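>>> requesting a structural model of the entry that follows:
(chains A, B, C and D)
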2 protein chains.
Amino acid sequence: MARMAAKDRREELIAAAFRVMVRDGVTKATTRAIVNEAKMPLGVFHYCFSSREELLQEVLTRFTARSADAARNALQEGGDLGLRVSKSLGAFWDGVERGPGEHQVTYELTHYALRQAGFEELARRQYQSYLEVHQGLLMEAAEAEGIRWTVPVPVLARYLNAVLDGLILCWLVDRNGEDSREVLRLTGEHLLTLAERKE
Amino acid sequence: MARMAAKDRREELIAAAFRVMVRDGVTKATTRAIVNEAKMPLGVFHYCFSSREELLQEVLTRFTARSADAARNALQEGGDLGLRVSKSLGAFWDGVERGPGEHQVTYELTHYALRQAGFEELARRQYQSYLEVHQGLLMEAAEAEGIRWTVPVPVLARYLNAVLDGLILCWLVDRNGEDSREVLRLTGEHLLTLAERKE
DNA sequence: CCGCATGTTGGTCGCTCGTCCAAGACGCTG
DNA sequence: CAGCGTCTTGGACGAGCGACCAACATGCGG
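Alright, predicted model coming up:
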């Protein structure tokens, strides 16, 4: 095998773990499956990571950041608030339908973390991050449109996060994209009724 | 060990698996952990079940039925539609906070089923069941109150299911019951705006 | 009372897993 | 060129897993 800095190998292993998890699920992402995906001998693993858990921690934080980015990037500009909201939700949903595995893994990791001693904090940070992103987007939109929300932003962020999370989960199971988009539309309309012009 | 019909032993093993899963998670519910919980020798397991998967199927369908019952039982009667909705959502949430582990296992089982070849159908039935329960409750409420929903009931059911599912998931992680109940209140109010008096 | 279906038991097989290690190869620095 | 830190590799380990089985116990129907 070509000589490579341990740091670089770590990155490749994380990327490989990423692919294995999306393809086969978190539980199937064994040390052997990961090094196999990365085309490396098994011994490499514990030269780069002190344990499998260490890699999982790394992967979890990166998935969290990725999801947050995905939500942020879905934000669409231009038009009035209504158009803006519906376009943003639509863009977010396009991302979901384009790469469902990624979201699926995110949930799997959350549940894994909730059960693993010492990982609870990571799960908490994960959802803390989601809520913060939603709060940020809501406040941004409010500022840009000159409105304010008639409901506390943290509550609104939790509501938005819940709808999206629950909707994705349901869609992962039954793949009913039509009704899912209808729910999204409904939620968007609801959001509009919670905005009032700033005097 | 006292002599017992295989049928009865199956039930006890299922109950034991139930307890192990709620306490330690689905992945920890090994054949050994389950027979240990049931205080039976290991050999019993494959005398009562042809495989661990067979037991998991059984457990999954029972969890599904249990969740559906929990939702149905949360339905509160009396008062106008507004009171009815908010009391029902509140009762449902009380159940969640009283026994979080049960819901947690439900999610774990869903994700397990989504990854396990031949189990996808069970996950689909699980969410099909949830959606049907919500549809039923919505139609029941509409009939009793003499209103009709301005949004197709399947969409509304999916919306309700998504909010509850997503909210529970978020709460399982950060245990913020206060904001969660606020979201519930918000959702209840939203529901009311989607009902119109039947002419 | 015998025979047979049914239930019980402890041990064992083969496999996969995370982890560890010894021995060697590489390549920079002095 | 010698020395040394860094990296590479294949194999081995002990533990835990699902599954299986042979031998034995029980109790009911004839």
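
>>> run through the residues that contact the residue nearest the centre of chain A.
What sits nearest the mean C-alpha location of chain A, by CA atoms, centre = their mean, is residue A:67, with 2.6 Å. By CB atoms under 8 Å, 6 or more residues apart in numbering or on different chains, residue A:67 lies in contact with A:102, A:103, A:106, A:129, A:130. In this view, the C-beta of every residue, glycine as well, is placed from N, C-alpha and C.

>>> and the angle from the helix or strand containing residue A:154 to helix B:153-174?
Using DSSP states H and E, residue A:154 maps to helix A:153-174. Orientation check (axes from the mean of the first three to the mean of the last three CA atoms, to 10 degrees): helix A:153-174 against helix B:153-174 gives 120 degrees.

>>> can you spell out which helices and strands pack onto helix A:153-174?
helix A:81-98, helix A:100-115, helix A:120-145, helix A:177-193, helix B:100-115, helix B:120-145, helix B:153-174, helix B:177-193 (3 or more CB pairs under 8 Å, 6 or more residues apart in numbering or on different chains; DSSP states H and E).

>>> tell me if the last one is near chain A.
So that's helix B:177-193. Yes: using CB under 8 Å from any CB of the partner chain, we find that helix B:177-193 touches chain A at B:179, B:180, B:182, B:183, B:186, B:187, B:190, B:193.

>>> dump these to TSV, plus pLDDT and neighbour count.
Conversion of those to TSV gives the following (pLDDT from 0 to 100; neighbours: other CB atoms under 10 Å in any protein chain shown):
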residue	pLDDT	neighbour count
B:179	98	20
B:180	98	22
B:182	98	18
B:183	98	29
B:186	98	19
B:187	98	21
B:190	98	21
B:193	97	11
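
>>> so can I have CSV of the residues you listed showing distance to residue B:163?
Output for the residues of helix B:177-193 next to chain A, formatted as CSV (distance: CB to CB, whole Å):
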residue, distance to residue B:163
B:179, 13
B:180, 10
B:182, 12
B:183, 7
B:186, 9
B:187, 5
B:190, 9
B:193, 15
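
>>> which non-adjacent residue is nearest residue A:77?
Using CB to CB, 6 or more residues apart in numbering or on different chains and skipping the chain neighbours, the partner closest in space to residue A:77 is residue A:84 (7.1 Å).

>>> my guess is that neighbour contacts residue A:145. True?
Yes: between residue A:84 and residue A:145 there is a contact under CB atoms under 8 Å: 7.3 Å.

>>> re earlier: sticking with the residue nearest to the centre of chain A, tell me its helix or strand.
helix A:52-74.

>>> which parts of that helix are buried?
For helix A:52-74, burial by neighbour count (16 or more other CB atoms under 10 Å in any protein chain shown) applies to A:55-60, A:63-64, A:67-68, A:70-71, A:74.

>>> does that helix come close to DNA strand C?
Yes: on the criterion CB under 7 Å from any atom of the strand, helix A:52-74 is in touch with DNA strand C at A:52, A:53.

>>> which one of the buried residues of helix A:52-74 sits closest to DNA strand C?
The shortest approach to DNA strand C among the buried residues of helix A:52-74 belongs to residue A:55, at 8.2 Å (CB to the nearest atom of the strand).

>>> got a list of what the nearest residue to that closest one once chain neighbours are set aside touches?
Distances taken as CB to CB, 6+ apart place residue A:49 nearest to residue A:55, at 4.8 Å, with adjacent residues excluded. Residue A:49 is in contact with A:10, A:13, A:55, counting by CB under 8 Å, 6+ apart.

>>> and residue A:78, that's in a helix?
No: assessed with DSSP: H, G, I helix; E, B strand; the rest coil, residue A:78 is coil; it does not lie in a helix.

>>> number of residues surrounding the nearest residue to it once chain neighbours are set aside?
Closest residue to residue A:78 apart from its sequence neighbours, by CB to CB, 6+ apart: residue A:84 at 7.2 Å. The tally of other residues near residue A:84 (other CB atoms under 10 Å in any protein chain shown) stands at 18.

>>> for DNA strand D, see how far away residue A:84 is.
Taking CB to the nearest atom of the strand, to the nearest Å as the measure, residue A:84 and DNA strand D are separated by 48 Å.

>>> can you check residue A:13 too?
If you go by CB to the nearest atom of the strand, the gap between residue A:13 and DNA strand D works out to 11 Å.

>>> dump the C-alpha coordinates for whatever helix or strand that residue lives in into CSV.
If you go by DSSP H and E, residue A:13 is part of helix A:6-24. In CSV, the C-alpha atoms belonging to helix A:6-24 read as follows (Å, rounded to 0.1, in the frame of the first residue of the first chain):
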residue,chain,number,x,y,z
ALA,A,6,-2.2,8.7,9.4
LYS,A,7,-4.3,11.9,9.2
ASP,A,8,-5.1,11.4,5.6
ARG,A,9,-5.9,7.7,6.1
ARG,A,10,-8.3,8.8,8.8
GLU,A,11,-10.1,11.0,6.4
GLU,A,12,-10.4,8.2,3.8
LEU,A,13,-11.7,5.8,6.5
ILE,A,14,-14.3,8.3,7.6
ALA,A,15,-15.4,8.7,4.0
ALA,A,16,-15.5,5.0,3.5
ALA,A,17,-17.5,4.5,6.7
PHE,A,18,-19.8,7.2,5.4
ARG,A,19,-20.5,5.2,2.2
VAL,A,20,-20.9,1.9,4.0
MET,A,21,-23.4,3.4,6.4
VAL,A,22,-25.5,5.0,3.7
ARG,A,23,-25.5,1.8,1.6
ASP,A,24,-25.8,-0.8,4.3
